[in-house]
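>>> Next input, structure requested:
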Amino acid sequence: MPRRPVIAVAGLACETSSFSPARTLEPAFHPRRGDEIIEKYSFIQPGTPLGHAASWQGSLIGHALPGGVVTRDAFEGLTTEILSRLADIISNSETGIDGLWFDIHGAMCVEGIQDAEAELLRRIRVIIGAETITDLITCYRTAPHEDTMETKERACRHLVEILTSEPSEQRRPLKVWVQVPILLPGEQTSTRLEPAKGLYQLVPQVEATTGVLDAAIWVGYAWADEPRNHAVVVVTGWEINAVATNAKRLAEYFWKVRHEFHFAAPTGSLDDCLDQALISRDRPFFISDSGDNPTAGGSGDVTWGLSIVLSRPEFRHSTGPIVIYASIPGSEAVDCIAAAGIGETVTVTAGAEVDNIHHGPLRLTGIVHAIKLGDRDALVECVLRIGSVYVIITKQRKPYHHKSDFTELDLDPLSADIVVVKIGYLEPELFCMAANWMLALTPGGVDQDLVRLGHRQICRPMWPFDRSFPHAPSLTPQLIPMSNDSA
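Next comes the predicted model:
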């Protein structure tokens with residue numbers, strides 16, 4: 001019976017805005033270790049095809065809610081543990097580690113390091129050796145990312161296929177990449193709409209080509225100011241002509257349609273969006289407070305948007321249009337509200353503890369509508385009714401993506417007139433709930449107005465920061481050397 005290859009799992013993931021004053025600390029990664037990692041991913045558990053085909057060994061993975069730059073102490077502490085656990089896996093295995101699933105997001109910024117994922121992999125390579133396969137790269141093909149688990153499983157499947165092939169056929173595939181001078185926010189590259197829809201529909205076509213194993217398109221992460229940040233196409237496979245030709249095909253199509261990318265919904269100032277929502281008959285009408293989106297790296301505690309909502313005369317009385325606002329952190333405010341209890345009137349101060357660049361803390365007086373304990377991200381959630389606005393206040397920042405996030409707080413988003421959520425494009429459940437929606441171009445660490453953020457380290461010229469180019473980009477495919485596994 002052939003030997004089952006040993007595959008280790010390790011990685012750190014955090015989508016981080018370098019324009020947010022927030023910092024991401026070690027506990028935010030909620031580390032999983034050893035068997036906890038295997039329990040997280042059903043497709044590598046015992047009894048599954050992949051679980052049967054290889055011996056999966058968990059080191060440490062940490063997935064933090066998107067936020068500000070990761071502190072150096074957090075990175076070093078978690079990295080040290082990853083390396084130690086990998087060394088233990090090797091010492092307990094007769095054959096060492098055959099493959100590594102590098103479980104990352106790919107948009108992590110760390111204090112004092114450029115290209116943190118590459119630095120982490122360089123250190124891992126020292127421990128696991130040069131022969132361990134780590135470099136079968138792939139990425140999501142939908143935005144919003146509805147194919148997260150499918151993508152992870154595909155990466156693991158490719159790795160197992162290589163490691164379990166006949167010795168005469170066991171070789172590392174070629175990798176070709178093309179750097180594309182485009183940097184767009186996800187809100188302009190939703191695969192629900194053209195041109196991203198058509199662009200990503202080319203990926204499975206390329207993947208089906210003889211001699212190609214995988215194709216991937218990264219649009220980049222618009223709120224990280226690093227030289228590596230731009231769009232990239234990577235095609236992996238066995239035949240250099242097929243790999244290079246198809247990489248160029250994807251890159252050239254991406255460049256050709258650059259003018260066609262637009263926001264996934266109508267946009268405007270927050271006041272514009274509120275005006276439109278009030279005159280619309282569509283209910284519920286969702287509005288994205290996009291500049292402080294915590295799932296893109298915003299601090300989550302910018303008070304600017306909530307201050308605009310509460311200043312509107314239409315919402316000052318309890319008989320006004322019902323508005324739900326999600327959300328604003330306020331640790332001391334939550335303690336005060338929880339102590340007072342449901343039905344009581346309280347006055348608290350919340351927000352701007354981290355990001356007070358755009359607006360200061362808000363003084364809020366309202367009736368306590370709901371209190372909920374034990375949320376993984378928020379810890380404690382409260383709802384304060386101020387006029388006709390139901391404001392969700394949290395102990396720690398939290399994204400609101402699911403209907404249950406609201407109903408568990410005795411809120412019915414389907415019965416509301418307006419739901420304002422700190423988000424970019426609507427996640428699937430919100431999208432299905434919304435009768436209509438707009439994206440408000442609000443300030444914050446993930447401001448959709450990229451030019452006003454003031455990038456300084458990205459390579460120029462870059463679309464759409466630069467609208468004219470002295471010459472067309474070459475979009476020449478580059479072969480990634482076999483020995484360059486840490487790149």
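
>>> Run through who's touching stretch 312-326.
For stretch 312-326, the external contacting residues (Cβ atoms under 8 Å, 6 or more residues apart in numbering) are 274, 278, 305-306, 309, 385, 387-392, 400, 405-406, 411, 413, 415-422. The way it works is simple: take the backbone N, C-alpha and C, and place the C-beta from them, glycine included.

>>> Give the buried subset of those residues as a ChimeraX selection command.
Listed next is the ChimeraX selection for buried residues among the contacts of stretch 312-326, using 16 or more other Cβ atoms under 10 Å:
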select :274,305,306,309,385,387,388,389,390,391,392,400,405,406,411,413,416,417,418,419,420,421,422
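
>>> now, which of the contacts of stretch 312-326 lie within helices?
Among the contacts of stretch 312-326, the ones falling in helices (DSSP state H) are 274, 278, 305-306, 309, 405-406.

>>> Which two among those are spaced furthest apart?
278 and 405 (24.4 Å; Cβ to Cβ).

>>> List just the nearest of the ones in helices among the contacts of stretch 312-326 to residue 206.
residue 405 (37.5 Å).

>>> residues contacting residue 114?
Counting by Cβ under 8 Å, 6+ apart, residue 114 makes contact with 226-228.

>>> burial measure for the residue lying closest to residue 469 once chain neighbours are set aside, as a count.
Once flanking residues are discounted, residue 469 sits nearest to residue 461: 5.1 Å by Cβ to Cβ, 6 or more residues apart in numbering. Neighbourhood size, residue 461 [other Cβ atoms under 10 Å]: 14.

>>> State the distance from residue 461 to residue 230.
Applying Cβ to Cβ, to the nearest Å, the value for residue 461 to residue 230 is 11 Å.

>>> Mind listing the shared neighbours of these two?
residue 181.

>>> Convert the C-alpha atoms of stretch 261-271 to CSV, please.
Extracted C-alpha coordinates of stretch 261-271, given in CSV (Å, rounded to 0.1, in the frame of the first residue of the first chain):
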residue,chain,number,x,y,z
PHE,A,261,-15.5,48.5,-13.9
HIS,A,262,-18.0,50.3,-11.8
PHE,A,263,-19.5,50.1,-8.4
ALA,A,264,-21.9,47.2,-7.7
ALA,A,265,-24.7,49.6,-6.8
PRO,A,266,-25.7,53.2,-7.3
THR,A,267,-23.5,55.5,-5.2
GLY,A,268,-23.7,58.9,-3.6
SER,A,269,-23.0,60.7,-0.4
LEU,A,270,-24.8,59.3,2.7
ASP,A,271,-27.3,62.1,2.6
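
>>> so which helix or strand takes in residue 339?
helix 331-340 (DSSP states H and E).

>>> what comes up buried for that helix?
For helix 331-340, by 16+ other Cβ under 10 Å, it's 333-334, 336-338, 340.

>>> Not counting it itself, show me its contacts.
346, 348-350, 353, 364, 368, 371, 373, 380-382, 384, 393-396.

>>> chain center to that helix: distance?
30 Å (Cα atoms, centre = their mean, to the nearest Å).

>>> Buried residues in the following helix or strand past it, which are they?
Next helix or strand after helix 331-340 toward the C-terminus (DSSP H and E): strand 345-350. Neighbour-count burial for strand 345-350, counted by 16+ other Cβ under 10 Å, picks out 346, 348, 350.

>>> does residue 317 sit in a helix or strand, and which one?
Here residue 317 sits in a region with no helix or strand, counting by DSSP H and E.

>>> gap between it and residue 387?
The gap separating residue 317 from residue 387 is 6 Å, by Cβ to Cβ.

>>> who does the one helix or strand in the chain whose mean pLDDT sits lowest touch, helix- and strand-wise?
Lowest by mean pLDDT, DSSP states H and E among the helices and strands of the chain is helix 450-453, with a mean of 90. Applying 3 or more Cβ pairs under 8 Å, 6 or more residues apart in numbering; DSSP states H and E, we find helix 450-453 packed against no helix or strand.

>>> Good, wrapping up.
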